[in-house]
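Novice: just coords:
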């Protein structure tokens, strides 16, 4: 199937050809015909499936053909609401590329930067507005944005809106949009809250679903490293020393964690930058631009920034910390192995994260290959080492505190166990016996030795004192 077969107009097809697009993806094949017929769509598709083009192309064509565009009042006619600044910029770039041969104007607004240039662009007039909820509501409250002429409303990454706590802001924005509109809702997952939202804003929608969120792309080679938390940085540094890895996106849970990992790598001589919500917009854009251009080899990101990062031919994704939600794993590794390219996803899992890893493997219905490595040491107070020949899967069988490592059988020793795997015999009651290194004879226990020494000492100190014999057992009366 070609883009012409979907009913797209010639200016859009030419723009797609100029960018190297050959054939539509499954989500585009299913969504575009429905949207061109002006029907509402509920789309469920994971990242990397081409869903941005699935809604951008029909919106551009409908606006081009719409009588409102030709004769109606000026104003915002299409609104795309998205959760993050990075994703908003990505969508804006897509509209610019696809609509380069159309006389349609668009702009992107988001927080974290001055609103002056954004307000200036709005006053100049736009047909399509891509926005994040916070900045949009702020400008609405300032009476700088009017949504009364919106005919096409797109809610992208709805589940991420929910995760980030934007769902109430989303409902406030929807209340400002005319009820007579065409609505498109896209979400990678469909939790109950998103289904309820979809039922309240969509009118007899056509459900479009391509790949369930529980699946990962076949082009991604996944690997699992069991490693103590204290050794994760060393393992990361060891991995990145492989110069055959051109670009790496490393995921962590927290903003401070991202900064710490970035500093560690930088001090080790590896170019790395962190990107998260506390960074200024300028710093985030600089980091993203440097990463895309190859100037920065390693980018450390939190999950909030995950879906806004779209890098061509990203080779590796590393889960430095396992996500708390299994579905997030699918979104993380979906940054690589896109558009038919091969990718690699590595996960560093410590003892506390093993239940999370089990949930992930249960969700994706796949056992992730476990890789042996040299940083498999104890994560508790008593450290032990494993030879390189021992497979890392052995670690998974020892959730409890490991003992000393036995080189002979590759398993931890229990307390009181000899290296040959036998239990040491219990010491005799009344004191233990040991072998003299000189004679090899068994010697009395510590108690009797102490009594004998005391008797000898007393006799030497006082020759007239009667020598006492050591106590040898119970006296008879």
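Specialist: Perfect, I can see it now. None of these values were measured; they are calculated from a predicted model.

Novice: for this structure, give me the ranges with low pLDDT.
Specialist: Segments of the chain classed as low confidence (criterion: pLDDT under 70) are 46-48, 67-73, 211-214, 304-308, 376-477.

Novice: and it, what are its domains?
Specialist: What automatic domain parsing lists as the domains of the chain is 4-209, 220-396.

Novice: and those domains as a markdown table, adding mean neighbour count?
Specialist: All C-beta atoms are positioned from the backbone trio N, CA, C, and that covers glycine. Formatted as a markdown table, the domains of the chain follow (neighbours: other Cβ atoms under 10 Å):
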| stretch | mean neighbour count |
| --- | --- |
| domain 4-209 | 18 |
| domain 220-396 | 18 |
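
Novice: other SSEs contacting the helix or strand residue 331 falls within?
Specialist: When secondary structure is defined by DSSP states H and E, residue 331 falls within helix 326-333. With contacts defined as 3 or more Cβ pairs under 8 Å, 6 or more residues apart in numbering; DSSP states H and E, helix 326-333 has these neighbours: strand 316-319, strand 343-349, helix 354-364.

Novice: the inter-axis angle of that helix versus helix 354-364?
Specialist: Per axes from the mean of the first three to the mean of the last three Cα atoms, to 10 degrees, the angle that helix 326-333 makes with helix 354-364 is 80 degrees.

Novice: the stretch 201-350 of the chain: helices as residue ranges?
Specialist: 232-240, 255-267, 281-293, 326-333 (DSSP state H, counting those that start in this stretch).

Novice: so the helix holding residue 331 versus strand 343-349, what angle?
Specialist: 140 degrees.

Novice: need the contact list for residue 292.
Specialist: 311-312 (Cβ atoms under 8 Å, 6 or more residues apart in numbering).

Novice: phi, psi of residue 131?
Specialist: Reported as degrees, to the nearest 10, the phi and psi values for residue 131 are phi -150, psi 160.

Novice: now it: closest residue in space, sequence neighbours ignored.
Specialist: Take residue 131 and drop its neighbours on the chain: the residue closest to it by Cβ to Cβ, 6 or more residues apart in numbering is residue 109, 4.8 Å away.

Novice: that older thread, how far is the helix holding residue 331 from where the chain is centred?
Specialist: On the basis of Cα atoms, centre = their mean, to the nearest Å, the separation between the geometric centre of helix 326-333 and that of its chain is 6 Å.

Novice: wait, residue 44 sits on residue 205?
Specialist: No. Contact between residue 44 and residue 205 fails when scored by Cβ atoms under 8 Å: they sit 11.3 Å apart.

Novice: quickly find the element holding the residue nearest to residue 310 when sequence neighbours are not counted.
Specialist: Distances taken as Cβ to Cβ, 6+ apart place residue 90 nearest to residue 310, at 5.3 Å, with adjacent residues excluded. Secondary structure assignment for residue 90, by DSSP H and E: helix 85-98.

Novice: quick one: contacts of that helix?
Specialist: For helix 85-98, the external contacting residues (Cβ under 8 Å, 6+ apart) are 12, 15-16, 19, 52-53, 56-57, 60, 80, 82, 106-112, 128, 130-132, 156-157, 275, 281, 284-285, 288, 305, 307-310.

Novice: could you measure from residue 301 over to residue 80?
Specialist: Counting by Cβ to Cβ, to the nearest Å, the gap from residue 301 to residue 80 is 23 Å.

Novice: let me fix that, I meant to ask about residue 10.
Specialist: Remark: distance between residue 10 and residue 80 (Cβ to Cβ) = 24 Å.

Novice: one more: residue 134?
Specialist: From residue 134 across to residue 80, the span is 15 Å (Cβ to Cβ).

Novice: same question, residue 356
Specialist: From residue 356 to residue 80 the distance is 33 Å (Cβ to Cβ).

Novice: now do the strands in the stretch 1-150 of the chain.
Specialist: With DSSP state E, counting those that start in this stretch as the criterion, the stretch 1-150 of the chain has strands at 41-44, 78-81, 106-109, 128-131.

Novice: nearest approach to residue 183 belongs to which of those strands?
Specialist: Between residue 183 and the strands of the stretch 1-150 of the chain, the shortest gap by Cβ to Cβ is with strand 41-44, which sits at 8.0 Å.

Novice: what sits up against the closest one?
Specialist: The set of residues external to strand 41-44 that reach it, using Cβ under 8 Å, 6+ apart, is 27, 31, 34-35, 51, 54-55, 184-190, 198, 202, 205-210, 212-213.

Novice: in strands only, show me these.
Specialist: Here DSSP state E is the test, and these give 184-187, 206-209 as lying in strands.

Novice: in space, what's closest to residue 26 - neighbours in sequence excluded?
Specialist: Counting by Cβ to Cβ, 6+ apart, residue 210 is the residue found nearest to residue 26 once chain neighbours are left out, at 4.7 Å.

Novice: contacting residues around that neighbour?
Specialist: For residue 210, the contacting residues are 25-27, 30, 44-46, 49, taking Cβ under 8 Å, 6+ apart as the criterion.

Novice: in helices, which of those residues fall?
Specialist: With helices identified by DSSP state H, the entries of the contacts of residue 210 that belong to them are 26-27, 30.

Novice: reformat those as JSON lines; add distance to residue 340.
Specialist: Listed next are those as JSON lines, based on distance: Cβ to Cβ, whole Å:
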{"residue": "26", "distance to residue 340": "13"}
{"residue": "27", "distance to residue 340": "15"}
{"residue": "30", "distance to residue 340": "19"}
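
Novice: and of the residues you listed, the nearest to residue 260?
Specialist: residue 27 (37.5 Å).
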